[in-house]
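Visitor: for reference, the sequence and a predicted model appear below.
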Amino acid sequence: NAGVTQTPKFQVLKTGQSMTLQCAQDMNHNSMYWYRQDPGMGLRLIYYSASEGTTDKGEVPNGYNVSRLNKREFSLRLESAAPSQTSVYFCASSTETPGERHFGDGTRLSIL
Amino acid sequence: AQRVTQPEKLLSVFKGAPVELKCNYSYSGSPELFWYVQYSRQRLQLLLRHISRESIKGFTADLNKGETSFHLKKPFAQEEDSAMYYCALRTGFQKLVFGTGTRLLVSP
């Protein structure tokens, strides 16, 4: 049981390049999330999807777009990468149980 | 403002010593709090939630509304407890605010 799978694990981009981070879950969860983790900042919510076909902004959505392709997949796109988007990105999914998240391994993204 | 504060970036203790990881929150509603843990080379995972009033791996956490705290405690630390610990506050149906985390290092 893979749980939440993120690809790629590492990526280096140049400023202005575009990139899509992929996330898939095999737990039949309705809700999926994208977080970024920066030193001294904890995890901050970028976007979330409460169910297939819906997406909503989190705390720090600027510079990102998301697509909930189907129940399993939730992708995060950087249209024009900026150095401030250098971070570790985590995808997560959840059942209806309040506060419970199942996380992926993360994607370490560096933008030069 | 909705905020979770973990004042210690690093907590270093010896094996067998008591551990208390501090978490304070700011929230105007009825709080629901959680502790997440990330062991080395493992995924971030839920450790415990205050509603369940459970003890997981010897850890407990009591919600103190008067002090707006949800400290994580264990009476006798083990080396395998070394990890990154995050406190989190549920602020809405799909909203979870995380603290900045505390790294616990348990030395032999």
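Guide: Right, received. Where do you want to start? Numbers count the residues shown, from 1 in each chain, chains lettered A, B, ... in the order given.
Visitor: could you report the neighbour count for the residue nearest to residue B:8 when sequence neighbours are not counted?
Guide: In space, and not counting its chain neighbours, residue B:8 is closest to residue B:102: 4.9 Å by CB to CB, 6 or more residues apart in numbering or on different chains. Bear in mind the C-beta positions are built from the backbone N, C-alpha and C, glycine included. The tally of other residues near residue B:102 (other CB atoms under 10 Å in any protein chain shown) stands at 20.
Visitor: what sits against residue B:102?
Guide: Each residue near residue B:102 by CB atoms under 8 Å, 6 or more residues apart in numbering or on different chains is listed here: B:6, B:8, B:9, B:10, B:11, B:21, B:22, B:84, B:85.
Visitor: are any of these buried, and which?
Guide: By neighbour count, with 16 or more other CB atoms under 10 Å in any protein chain shown, the contacts of residue B:102 hold B:6, B:8, B:11, B:21, B:22, B:85 as buried.
Visitor: okay, now residue 62: neighbour count?
Guide: Defaulting to chain A. Around residue A:62 sit 9 other residues, with neighbours defined as other CB under 10 Å.
Visitor: switch to chain B, that's the one I care about
Guide: Residue B:62 has 11 neighbouring residues, counting by other CB under 10 Å.
Visitor: kindly report the same for residue B:51.
Guide: Other residues near residue B:51 number 13, with proximity taken as other CB under 10 Å.
Visitor: hang on, it in a helix?
Guide: Yes: secondary structure of residue B:51 (DSSP: H, G, I helix; E, B strand; the rest coil): part of a helix.
Visitor: ok, it - contacts?
Guide: A:98, B:32.
Visitor: in which helix or strand does the residue positioned nearest the centre of chain A reside?
Guide: Closest residue to the average C-alpha location of chain A: residue A:34 at 2.9 Å, with CA atoms, centre = their mean. Assessed by DSSP states H and E, residue A:34 sits inside strand A:31-38.
Visitor: next one: residue A:52
Guide: Taking DSSP H and E as the definition, residue A:52 sits outside all helices and strands.
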